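S.K.: this one's sequence-less:
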């Protein structure tokens, strides 16, 4: 039984992280409210002529009129002069003068101007950026009922910018603005209810506030309603409704919604599966710089899904996403360079990309980097670093890394040898269904390494791996049934397992199935079928099968006797390291069967087999040393080889050793067949 290491090279699928409701980031969540002049800021607006000039785009006239009214003390005119200076309309742009006029109006108590002062301090326009001062001005305007100021003050509390982070305060200010109908605040208040930040978690209220914002055509609210329907949060799961809401947001150009709509088409959720449509939406979002979509476009080009395969384009889009520090794309670039797919193969460049992604915490990249360290590919071979990166990946749940970390512990590579730890990591991976880990865990139970020997559990885990068509596990189940280890001896069941693996091309099992036909155990004795299965395994270079074919040819079993072909198969098997074949080839040379007798060649092949512990070869080599045939006569060497063979129970060797010790006179030494 043997554990085997299996490493994987997978192009990561599109990034699948669940995109939940999004609080608007501080920059985009800030309501601007500077599209229009301060109109009707007093009950009867004396500035109508100036305002009309502004909307007729007669900015120079509007500037002169606002300047006149400002000099007469009209507060709204001062605010509006600030807008003209800030935008450079009708006058040369001058942010410092914009601040001066906003400040004059703000100090006079005009909420719109106070909002504008907050906005300038938040963005650092005309004044040093200062969120604390922005919060002060927003609060002044908010107290006066300015909805956009209330929203932006809430954003500052939400993010702890210029004020201590306080979700309860954020929720209160969002609520005041939302009650006035501000869509941004309605969406943001819904997000707080969804996440239970500053308010009790309540999906129904989240849905209601998102709906209010959506009714005003607010794209983020459309998107958030799509999320609720996709995942069944506060509503019945409904992919069709999710698609409807995502599409509304996507049609407004919202890149995250476009990405999600692409995902729905790719998976066939709520719409017919359509890779071409998926690509269109991914591409729309990618062109806006949406990093997940850039990676997704790369994947689509790489695989030729929904678009003609183009490895150059795949590389280009992975690179765009990587430039935004997207670890998944960095890992994909590593895969491209490691395998030379669309780019010249380079382990060095692969290692650079894997490291970049690994340092960002990407478990696939950590796994891949560990593999390169283990193999010394693109960087110095280093089992310690390999084990470190396998652990980082394994602790994030990367099942292949968990299995490989188990192997490192099992073999003492880069870590202290610890079979108990090996069993632990194999178990973690095996419980998640990784067939290699199931096989390795079974092998630990079989040998009793790191865990109490338990053939029943070994059989159980081999069965789990075998059910996934793992041929090594199927073959080992055959061995257990053939020998009655952990299960009642059932040779017919052994044949069934060998056949499963053999038909999948596993040479070990093909040879074992040939053995069963050869001996007639668990199946009708059939030398012809034995020959067929040996031949299939031998064709894969499997040395035991090559030796068995040699035996069948030599003895004329299942086919005519062909000594030359027997020698040919013995030689192939011997050169592949089969001790049995090395002994057989030595025997043919010693006896001059099928080729000229050559005791020197015989001694050479007996030596190779004897050094592998093959007892008959050890005895025969001892005879050659005693007689000085094919080697220089050496009774000490003869005695040494006789002793080794005798220790394995070879009767001839015991006799020969006894004769050697009896006297120095000539005695008859027995050579094996």
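M.R.: That came through, no problem. None of the values given here were measured: they were computed from a predicted structure. Numbers count the residues shown, from 1 in each chain.
S.K.: roughly how far apart are residue 157 and residue 179?
M.R.: 17 Å (CB to CB, to the nearest Å). C-beta: built from backbone N, CA, C; applies to glycine.
S.K.: these two - which one has more neighbours?
M.R.: With neighbours defined as other CB atoms under 10 Å, residue 157 and residue 179 compare such that residue 157 has more, 24 against 13.
S.K.: so what's residue 480 up against?
M.R.: Applying CB atoms under 8 Å, 6 or more residues apart in numbering, we find residue 480 in contact with 455, 458, 459, 462, 486, 487, 494.
S.K.: cutoff 6 Å now
M.R.: For residue 480, the contact set (CB atoms under 6 Å, 6 or more residues apart in numbering) comprises 459, 486, 487.
S.K.: and for residue 385?
M.R.: Contact analysis of residue 385 by CB under 6 Å, 6+ apart lists residue 373.
S.K.: read off the pLDDT value for it.
M.R.: Predicted confidence (pLDDT) for residue 385: 98.
S.K.: can you get me a residue count around residue 453?
M.R.: Here the number of neighbours of residue 453 (other CB under 10 Å) works out to 13.
S.K.: angles on the backbone of it, please.
M.R.: phi -60, psi 130 (degrees, to the nearest 10).
S.K.: what do you get for residue 593?
M.R.: phi -100, psi 110.
S.K.: and it, how far from residue 567?
M.R.: Taking CB to CB, one finds residue 593 at 8 Å from residue 567.
S.K.: same deal with residue 252?
M.R.: Residue 252 sits at a distance of 80 Å from residue 567 (criterion: CB to CB).
S.K.: which one of the two has more residues nearby?
M.R.: A count of neighbours by other CB under 10 Å puts residue 567 above the other of residue 252 and residue 567, at 21 against 15.
S.K.: and the nearest residue to that one once chain neighbours are set aside, backbone torsions?
M.R.: Excluding its sequence neighbours, the residue lying closest to residue 567 (CB to CB, 6 or more residues apart in numbering) is residue 594, at 4.9 Å. Per-residue torsions, residue 594: phi 80, psi 0 (degrees, to the nearest 10).
S.K.: what about residue 594, neighbour count?
M.R.: By the criterion of other CB under 10 Å, residue 594 has 17 neighbours.
S.K.: residues contacting it?
M.R.: Neighbour list for residue 594: 563, 564, 567, 588 [criterion: CB under 6 Å, 6+ apart].
S.K.: again, only using 10 Å
M.R.: Contacts for residue 594 were tallied using CB atoms under 10 Å, 6 or more residues apart in numbering; they are 553, 554, 562, 563, 564, 565, 566, 567, 568, 570, 588.
S.K.: gap between it and residue 616?
M.R.: 19 Å.
S.K.: what sits closest to residue 87 if chain neighbours are left out?
M.R.: residue 93 (6.9 Å).
S.K.: how about that neighbour, secondary structure?
M.R.: When classified by DSSP: H, G, I helix; E, B strand; the rest coil, residue 93 comes out as coil.
S.K.: thinking again about what came up before, buried among the contacts of residue 594? Make that a PyMOL selection.
M.R.: To isolate the buried ones among the contacts of residue 594 in PyMOL, judged by 16 or more other CB atoms under 10 Å, type:
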select buried, resi 553+554+565+566+567+568+570+588
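S.K.: what's the farthest-apart pair in the contacts of residue 594?
M.R.: 562 and 588 (13.0 Å; CB to CB).
S.K.: which neighbours do the two have in common?
M.R.: Contact criterion CB under 10 Å, 6+ apart; residues shared by residue 562 and residue 588: 554, 594.
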